[in-house]
Each structure stands twice: as structure tokens, then as C-alpha cells.
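Participant: Sequence first, predicted coordinates after that:
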Amino acid sequence: MDTPDTNSPIDASKTPTVAHVAPLAVFMGFLFVLDGMRSMGLTNSAETAAWWQRQPELWLYPLQTAATLAVLWFYRKSYTFRPLNGLWLAVLLGVLGIAVWIAPGFLATQFRMNPGVLSFLGFKSRTNGFDPTLLTVSGGTLYWLVVLARFVRLVIAVPLAEEIFWRGFLMRYLVNPDGDFWQVRFGTFHWKSLTIVTALFVAAHSAADYAGAAIFGVLMYFLAVRTKSLAACVLMHAVANLLLGLYVLKTQQWGYW
């Protein structure tokens, strides 16, 4: 990563901090828009409503993905993904992490459990969520375009935006909040950063995913410390999300994505 030239004025819009925070900020901004639309009654959950009103995620998420990728591209020179260490470990941990994440819901569905308080640990059916089958009445092409866009979001935009922020920025910033985070070596271990980054990563997900997110967050932190590679972290997240997306399409547990 290039450090700013201290001998010339620094454009505030292109500092390393903004570059690492902006993609996830844009991504989350669209989620706030979605919540606002619902709170203002701009959506309609009735089965007779048009798909674009009944589930606005079907058109809003592709816009979110395009905007996030545009910001990532704009700041692309601010990111350093090397060294390319531990890529096989990243794949292994991605498989392990997502298996642990979906295991409670899988068990609850297979054994038709009545989980009660265990629902907070993910032991519940997850059928409510981004459901592209609402588009099948509009034709197969539109359905597959939305599914493709969903996978681009899941496998490319989310891993890049989140890992650039969580591991590339916040994990390092918390080691030395009074200095320049890019001068802290990527993957530097610190108990405070482990605790705070993992806790915030968990809080960014729904309550039913808290347990899975906690384990996944710790595994991701371990990978960052072990490999010192942002590329490995992005790959682990991408592998996990790809497997999750395939699982969702197979089981129609739409609430996972």
C-alpha cells in the first residue's frame, strides 16, 4: 500500500482510511435505504403485490453491488492483497467456517426441532429472506440475472468490502489508534482488536447468526494473523459465501443470504 506523500497536500477523499472504509459504508448505506423504504410503507408484503414491491431486495441489491464495486475500483490502488500466503488454509477455513455457521439451521430443519431459546444459536428454519423464485413468473432470464447478481454480491463485493474494512483497516487501527493504521503490519495480533473486531462483526449480522458469526470471525482473525495476507482473508470469505449461496439455492433457506 502506498503511503501518502507528506510533502504535498493530501486529498481527503483519497486517504487510506477513506479508501478502506468507503466500500463498506456504501454497502451498508443501501441497507439503510431498504429499512427506510419499509418504515415509510413503500413496500408491500402481500402475495398479490408486484415482486418489486414485495421484495425490493431483488432490484436494490444489484444496485448496491454495482455501487460497492465502483467504489472498490476507484480506490483499488490503496489496497495491498499480497503476500499470497496460506491460500489453501483460507479455502479450508472457509469450508469449516460456513459448515459451522449453517449446522444449527440444518439440524433444526432435518430433525424438525422446536428449538425455543436455541433459536438464538441458529437452530431455526431460515425460509424468509431474499427469494428469487418470486421472479419465475416474470420469465427465466430475469430470474437467472438476479441470481447471478446475488452471487456477484455474495462472492465478490461482500468479501472485498468487508475484509478490506474489518481486517485491512479496523484490525490494524485498533492496534495503534493514535497513529497511521497502514503503518501497522497486516495481521498484527492484539487482544483488543480480536475482541472488538469480532464483536462488531457479530453485531453486523442477524441474531440467529451470532454464534456462527463469532466462530467465523475468530477463524478469520486467526487466518489474518497466521498468513499476514489480505488476499487469504478475502478468499476465505469468498469460499464460505459461495458455499452458502449454493446451499441456499439447494435448500431454499433464503434467510441465510
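Facilitator: Good, I have the coordinates. Model, not experiment: these values are computed from the prediction.
Participant: For Leu135, give me its contacts.
Facilitator: The neighbourhood of Leu135, defined by Cβ atoms under 8 Å, 6 or more residues apart in numbering, consists of 51, 58, 142-143, 146. Where C-beta positions appear, they are placed from N, C-alpha and C, glycine not excepted.
Participant: Let me know the distance separating it from Ala149.
Facilitator: Separation of Leu135 from Ala149 (Cβ to Cβ, to the nearest Å) stands at 11 Å.
Participant: do you know how far the closest residue to Arg126 other than its chain neighbours is from Trp52?
Facilitator: For Arg126, ignoring the flanking residues on the chain, the nearest one in space by Cβ to Cβ, 6 or more residues apart in numbering is Gly255 at 3.2 Å. Taken as Cβ to Cβ, the spacing of Gly255 relative to Trp52 amounts to 20 Å.
Participant: Likewise for Lys250?
Facilitator: According to Cβ to Cβ, Lys250 stands 26 Å off from Trp52.
Participant: Helices along the stretch 101-250 of the chain, start to end?
Facilitator: For the stretch 101-250 of the chain, the helices defined by DSSP state H, counting those that start in this stretch occupy 140-152, 158-165, 171-173, 191-203, 210-227, 230-251.
Participant: got a pLDDT number for the spatially most central residue of the chain?
Facilitator: Nearest to the mean C-alpha position of the chain, by Cα atoms, centre = their mean, lies Val158 at 4.1 Å. In this model, Val158 is scored at 97, pLDDT.
Participant: again, but for Thr6
Facilitator: Thr6 is assigned 41 on the pLDDT scale.
Participant: what does the one 4 residues further on give?
Facilitator: At Ile10, the model reports a pLDDT of 42.
Participant: Which of the contacts of Leu135 lies at the shortest distance from Ser78?
Facilitator: Nearest to Ser78 among the contacts of Leu135: Val146, at 31.1 Å, using Cβ to Cβ.
Participant: I figured that closest one hits Leu60, correct?
Facilitator: No: counting by Cβ atoms under 8 Å, Val146 sits too far from Leu60 to count as a contact (11.1 Å).
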